[in-house]
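Visitor: Okay, predicted coordinates and the sequence, questions at the end:
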Amino acid sequence: MKRRHFLKTSLAASAVAGLAGIRPVLGATAETVSQELYELRSYRLKPESDGAPLHAHLEKAAIPALNRIGCKPVGVFTEAEPKDGPAVWVLIPHATAEAFARSTAKLNADKEYLTAGAAYLETAKNNPAFVRIDTWLLLAFAGMPRLQQPEYSKAKTTRIFEMRTYESHSEAKAVKKVEMFNSGEIEAMVGSNLGPIFFGQALSGPNLPHLTYMLSAVDRETHRKNFGGFGSHPAWKKLAGDPQYKDTVSKSISRFLNPTAYSQI
């Protein structure tokens, strides 16, 4: 198999290309595209926990420290109807792979962070702030290389978010689904007022291969109406009928998320 063909058809290869700074990825133009990376975390909590120590840490220590090293805006969400038990979801943007790689060392060297987060960081073994942390590293799509925020998100007024994950049965099909988004599906979502926040191709984490993206609205009823408009959008209908994109999704997971009072998204 020729190297060029392999890079176009393998999810693993596109992940390596993204981390190495090779751009553009599949679906981009010949122009240079600077794509962010997203660190998506799920802090799993005990059923009886309200997550108070974790929330205090994120608000008072982690987010200010992440902002200081250039990670902004940071989103923190709770799931309206938890599918896998109670959890706190955190979305952290990184400008480059190098920035992501150095972020932990920078936080550990931040005296202000270590002081503000001491109670959380040094919690006793018999009273942990969370059960475990699941983490995914996502590469922003060429079609939306930077996180976007509608005005109601920037203003932190009433808002809701839907996070969707599309799993694929093969690496090649996963790449085709990313291509489908970059070829017009993102534009159709923007045109239907679905308020996209980010689109990310999973490079690492559980349940690969898959992609994850986030939509938004002022409330769930508005979101439902906007999705109805998306279903009849000409660009989406054309893509949905294109045989090259058949069977690109084997499993779809939808989560409605509510932002915490201190979330920056």
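Guide: The structure has been received and is ready for your questions. Numbering: from 1, shown residues only.

Visitor: and Asp134, what is it in contact with?
Guide: By Cβ atoms under 8 Å, 6 or more residues apart in numbering, the contact set of Asp134 is Arg41, Ser42, Arg44, Gly205, Pro206. For glycine as for every other residue, the C-beta is placed from the backbone atoms N, C-alpha and C.

Visitor: Now do the SS call for it.
Guide: strand (DSSP: H, G, I helix; E, B strand; the rest coil).

Visitor: same check, this time on Pro145
Guide: Per three-state DSSP, Pro145 ends up coil.

Visitor: wait, isn't it in contact with Tyr38?
Guide: No: under the criterion of Cβ atoms under 8 Å, Pro145 makes no contact with Tyr38, lying 11.3 Å away.

Visitor: If you count surrounding residues, which of these two has more?
Guide: For Pro145 versus Tyr38, neighbours defined as other Cβ atoms under 10 Å are more numerous around Tyr38 (26 against 18).

Visitor: rewinding a little: just the contacts of Asp134 now: which is nearest Ala65?
Guide: Nearest to Ala65 among these, counting by Cβ to Cβ, is Arg41 at 14.7 Å.

Visitor: What residue, apart from its backbone neighbours, is nearest the closest one spatially?
Guide: What sits nearest to Arg41 in space, not counting adjacent residues and going by Cβ to Cβ, 6 or more residues apart in numbering, is Val90, at 4.4 Å.

Visitor: got the contact list for that neighbour?
Guide: Contact analysis of Val90 by Cβ under 8 Å, 6+ apart lists Glu39, Leu40, Arg41, Ser42, Tyr43, Leu58, Val74, Gly75, Val76, Phe77.

Visitor: Distance to Thr104, secondary structure and neighbour count added to these, as JSON lines?
Guide: Conversion of those to JSON lines gives the following (distance: Cβ to Cβ, whole Å; DSSP: H, G, I helix; E, B strand; the rest coil; neighbours: other Cβ atoms under 10 Å):
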{"residue": "Glu39", "distance to Thr104": "10", "secondary structure": "strand", "neighbour count": "20"}
{"residue": "Leu40", "distance to Thr104": "16", "secondary structure": "strand", "neighbour count": "22"}
{"residue": "Arg41", "distance to Thr104": "12", "secondary structure": "strand", "neighbour count": "17"}
{"residue": "Ser42", "distance to Thr104": "18", "secondary structure": "strand", "neighbour count": "22"}
{"residue": "Tyr43", "distance to Thr104": "16", "secondary structure": "strand", "neighbour count": "21"}
{"residue": "Leu58", "distance to Thr104": "16", "secondary structure": "helix", "neighbour count": "23"}
{"residue": "Val74", "distance to Thr104": "15", "secondary structure": "coil", "neighbour count": "20"}
{"residue": "Gly75", "distance to Thr104": "19", "secondary structure": "strand", "neighbour count": "26"}
{"residue": "Val76", "distance to Thr104": "18", "secondary structure": "strand", "neighbour count": "25"}
{"residue": "Phe77", "distance to Thr104": "22", "secondary structure": "strand", "neighbour count": "23"}
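
Visitor: Tell me where this protein has helices.
Guide: 3-9, 11-19, 52-57, 63-68, 97-108, 111-116, 118-121, 151-154, 171-180, 186-191, 220-231, 234-240 (DSSP state H).

Visitor: Out of those helices, which is closest to Arg255?
Guide: Across those, closest to Arg255 is helix 220-231 (Cβ to Cβ), at 12.6 Å.

Visitor: so what does that closest one touch, helix or strand wise?
Guide: Helices and strands touching helix 220-231, by 3 or more Cβ pairs under 8 Å, 6 or more residues apart in numbering; DSSP states H and E, are strand 160-167, strand 210-217.
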